[in-house]
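A.B. asks: how would this look folded up:
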Amino acid sequence: MTDAAPKLLLLDTASLYFRAFYGVPDAVKAPDGTSVNAARGLLDMIAKLVTAYGATHLVACWDDDWRPQWRVDLIPSYKAHRVVEVVPCGADVEEVPDPLEAQIPIIREALGALRIPIIGVAEHEADDVIGTLATISDIPVDIVTGDRDLFQLVDDARGVRVVYTARGMSNLEEVTDETVVRKYGVLPGQYADFATLRGDASDGLPGVAGVGEKTAATLLAAHGDLAAIRTAAQAAEGMSAAVAKKILAAADYLDVAPTVVRVATALPITVPTEALRPLDAAETAAAVSVAERWNLGTSMARALEALSRTA
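C.D. replies: Presented below is the predicted three-dimensional model:
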């Protein structure tokens, strides 16, 4: 390895391969006709991210359960609009286009060939894996995602930031404490309570009826956290009677929503100790074989080149 400062790059893998699937033209196919645009796009993203952000360690964080039952039990509407099949006593089936579904095993094979660890935890989302690894890491962390929920993990003091992909890979945004404050008027440590109050239609979280971003930020600025806001509402202090009424009316939702919105930070996993490194001759040959089998071509080559520069 070089003497570069250590940096852990945590990938919200599904967020990235969905973005690749919809953003990369489906022009190149595997020899058997399988679409590979998501796989190729993800490899290109990894090559760019490793180089641009000086990653010395990398983890592909995985949704072992994209809609954990314990979250659904608390808020039944959680991600309900994305369910195509309910599976009793198992993970519900998410709406994923067939050409993307077929690429997920290819993506896992390509990541394995590059010696990039994939970490998932039963009954948890990739967000929870990211939350835990970012919390326990003793080196700076960049979280790559298009999900605002992970802004709750941003922490300048610990060197944790989000590389936000919502505007595309050519316009990445580095989210720090200042970014969150400027955009939302709250600290990163308040973001989960802010999201609970505001709600998020994309995740099926209703929020508090009549409380939008501005009111949520004002309440958190005045009271600090959700527990204090609820206490103030009960005492009819520190907010208008109308806002207090809205907070009190949402008591059942507010009893459970914070548990759904906050990511886990204490799962039984550890940060991989092996740093990124160039592949040896045998490993490179194996990676090239995977590339040839699935027609990953220049995308695999770029990923291998990025790893070669970590030497």
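
A.B. asks: ok, Thr145 to Gln152 distance?
C.D. replies: As defined by C-beta to C-beta, to the nearest Å, Thr145 lies at a distance of 12 Å from Gln152. All C-beta atoms are positioned from the backbone trio N, CA, C, and that covers glycine.

A.B. asks: now the strands for the stretch 151-300 of the chain?
C.D. replies: Taking DSSP state E, counting those that start in this stretch as the criterion, the stretch 151-300 of the chain contains strands spanning 160-164, 173-175.

A.B. asks: now tell me what touches the shortest one from outside.
C.D. replies: By C-beta atoms under 8 Å, 6 or more residues apart in numbering, the surrounding residues in contact with strand 173-175 are 151, 154, 161-164, 166-167, 179.

A.B. asks: adjacent strands (with direction) for it?
C.D. replies: Using DSSP bridges, strand 173-175 pairs in its sheet with strand 160-164 (antiparallel).

A.B. asks: got a list of contacts for stretch 232-241?
C.D. replies: Applying C-beta under 8 Å, 6+ apart, the contact partners of stretch 232-241 are 219, 222-223, 229, 243-244, 247-248.

A.B. asks: quick check: the farthest pair among those residues?
C.D. replies: With distances taken as C-beta to C-beta, the most widely separated pair in the contacts of stretch 232-241 is Ala222 and Leu248, at 16.6 Å.

A.B. asks: who wins for most neighbours among the contacts of strand 173-175?
C.D. replies: Using other C-beta atoms under 10 Å as the neighbour definition, the contacts of strand 173-175 reach their maximum at Val162, which records 30 neighbours.

A.B. asks: quick check: it vs Pro105, distance?
C.D. replies: With distances taken as C-beta to C-beta, Val162 is found 28 Å from Pro105.

A.B. asks: ditto for Glu283
C.D. replies: Glu283 sits at a distance of 20 Å from Pro105 (criterion: C-beta to C-beta).

A.B. asks: tally of neighbours for Asn171?
C.D. replies: Counted with other C-beta under 10 Å, the neighbours of Asn171 add up to 9.

A.B. asks: again with the one 5 residues further on
C.D. replies: A count of neighbours around Thr176, defined by other C-beta under 10 Å, yields 16.

A.B. asks: likewise for Ala251?
C.D. replies: Counted with other C-beta under 10 Å, the burial measure for Ala251 works out to 12 neighbours.

A.B. asks: and Glu283 and Pro105? which has more neighbours close in?
C.D. replies: Neighbours of Glu283 and Pro105, each counted by other C-beta under 10 Å, are more numerous for Glu283; the result is 16 against 12.

A.B. asks: that one touches Gly112, doesn't it?
C.D. replies: No - applying C-beta atoms under 8 Å, one finds Glu283 not in contact with Gly112, separated by 10.5 Å.

A.B. asks: hmm, back to that, who wins for most neighbours among the contacts of stretch 232-241?
C.D. replies: Leu219 (28 neighbours).

A.B. asks: what's the pLDDT at the nearest residue to that one once chain neighbours are set aside?
C.D. replies: Of all residues beyond its chain neighbours, the one nearest Leu219 is Ile229 (5.0 Å), with distances taken as C-beta to C-beta, 6 or more residues apart in numbering. Listed pLDDT for Ile229 reads 98.
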